[in-house]
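S.K.: Give me a model of this one.
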Amino acid sequence: MEWQAAASRLREVMNLSGEPVGILYAKEPLEGGDDSPIAVCEAMKRASNGAIINLSKDNSSCPGGTYYIGLGERRGGVEDFLVDVEHIFSSRPVARAHFVHSVAPPTGLTPYVCIAPVVSMPIKPDLVLIVCNPMQASRILGLVAYDGAPGLKLSAFGAACQTAITNPLMNEQVDVSFIDVSARKRAGFADDELIVSLPYREFMRAVANIDYSIFGTAKPSAPLR
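M.R.: You can find the predicted model right below:
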C-alpha cells in the first residue's frame with residue numbers, strides 16, 4: 001500500500017530511529033491492537049517503537065488526552081489538576097484561558113482513535129507523526145515546502161496530544177510539536193525529540209519530493225560552503 005511504502009522510504013532517507021506513526025479515526029479498532037489503559041502521549045511513543053494502540057473513551061487514561069483527541073468532553077477539575085498537581089499554570093483562570101484560546105478538538109468523530117506504525121496500517125491514516133530530532137524535522141519541513149507548502153505551523157506550547165494531533169488535524173496543516181515536559185517524562189521522549197505532524201496528503205507529497213529536494217537525496221549543483 002502506498003502509505004506503507006512511503007513510511008518505509010521516509011524512515012530510511014531520514015535515518016529515523018522509530019517508525020512514522022499513523023493516526024486513524026476509525027469506527028472499528030485495528031486488528032491486533034492493544035486496548036490496555038494508556039495515555040495518548042504514551043501511545044504515540046509506543047507506536048513509534050512498533051506498537052498498535054486502539055484508543056477509546058474506555059481506555060484513554062489521561063483526561064486531557066481524551067478531550068484533546070475528541071474521545072470525550074473536558075472533565076471538571078482539569079484546571080485543578082493542571083494548577084495543583086502538574087504546576088503547568090499559575091491559576092485556574094490562566095488554565096481556563098488556555099482552553100478558551102485553543103483549537104477545538106474533533107469531538108465525536110469516531111469511537112476509536114488508532115495509533116500505530118504507518119507500515120502496519122491497512123487503512124490510510126488521517127495524520128502521520130514523525131518523532132525525530134531537529135535536523136530531521138528541518139529536512140521533513142523542507143520536503144513539504146519544496147513545491148509550495150499550504151501552511152506550516154509551530155505549536156510552541158501545549159500538551160503533546162494537543163499540539164501533535166488536535167492542531168494539525170483541525171487546521172489541516174503541517175505542524176511541529178515541542179512535546180511538553182509532562183509527556184516527555186510520562187512517555188519517555190528524549191530531550192532532543194520533536195514531533196512533526198503531517199496531514200496524509202502532505203505526508204505523501206513530502207515523500208514524493210525526496211528525490212528532487214536537497215532536504216531529501218538531491219545533490220546541490222555546486223558545493224555548499
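S.K.: Can you pull up the most central residue in this structure?
M.R.: Nearest to the geometric centre of the chain sits Ala164, at 3.5 Å (C-alpha atoms, centre = their mean).
S.K.: contacting residues around that residue?
M.R.: Each residue near Ala164 by C-beta atoms under 8 Å, 6 or more residues apart in numbering is listed here: Met44, Leu129, Ser155, Asp175, Ser177, Ile179, Ile195, Ser197. All C-beta spots, glycine's among them, are computed from the backbone N, C-alpha and C.
S.K.: cutoff 6 Å now
M.R.: Leu129, Ser177, Ile195, Ser197 (C-beta atoms under 6 Å, 6 or more residues apart in numbering).
S.K.: ok, now how distant is it from Ala47?
M.R.: 12 Å (C-beta to C-beta, to the nearest Å).
S.K.: swap in Gly148?
M.R.: Distance, Gly148 to Ala47, using C-beta to C-beta: 30 Å.
S.K.: Confirm Ile195 sits in a helix?
M.R.: No: with DSSP: H, G, I helix; E, B strand; the rest coil as the criterion, Ile195 is located in strand rather than a helix.
S.K.: is it true that it touches Leu127?
M.R.: No: contact criterion C-beta atoms under 6 Å: Ile195 and Leu127 do not qualify, at 10.4 Å.
S.K.: Between the two, which has more neighbouring residues?
M.R.: Neighbours were counted for Ile195 and for Leu127 using other C-beta atoms under 10 Å; Ile195 has more, 27 against 23.
S.K.: Who does the more buried one form a beta bridge with?
M.R.: Val131, Ser177 (DSSP bridges).
S.K.: which residues are in contact with stretch 171-180?
M.R.: 144, 151-155, 159-160, 163-164, 167-168, 189, 194-199, 202.
S.K.: repeat that with 8 Å
M.R.: With C-beta under 8 Å, 6+ apart as the test, stretch 171-180 has contacts from 41, 88, 103, 137, 141, 144, 149-160, 163-164, 167-168, 189, 193-199, 202.
S.K.: Next one: Ser90 relative to Leu16, how far apart?
M.R.: Computed as C-beta to C-beta, the Ser90 to Leu16 distance reads 37 Å.
S.K.: Over to Ala7?
M.R.: 10 Å.
S.K.: Specify which residue of those two has the higher count of neighbours.
M.R.: Neighbour totals were compared for Ala7 and Leu16, and Ala7 leads with 26 against 18 (other C-beta under 10 Å).
S.K.: I'd assumed the more buried one was in a helix, is it?
M.R.: Yes: read with three-state DSSP, Ala7 is one of the residues of a helix.
S.K.: list the contacts for it?
M.R.: Glu19, Pro20, Gly22, Pro117, Val118, Val119, Val128.
S.K.: contacts for the worst-scoring helix or strand of the chain on mean pLDDT?
M.R.: Least confident element among the helices and strands of the chain, by mean pLDDT, DSSP states H and E: helix 78-80 (a mean of 76). Contact with helix 78-80 is made by Pro63, Gly64, Tyr67, Phe89, Arg92, Ala95, Arg96, as judged by C-beta under 8 Å, 6+ apart.
S.K.: OK, contacts around Leu55?
M.R.: Shown in contact with Leu55 (C-beta under 8 Å, 6+ apart): Ile38, Val40, Ala43, Ile69, Leu71, Tyr112, Val113, Cys114, Ile115.
S.K.: mind redoing it with 6 Å?
M.R.: Val113.
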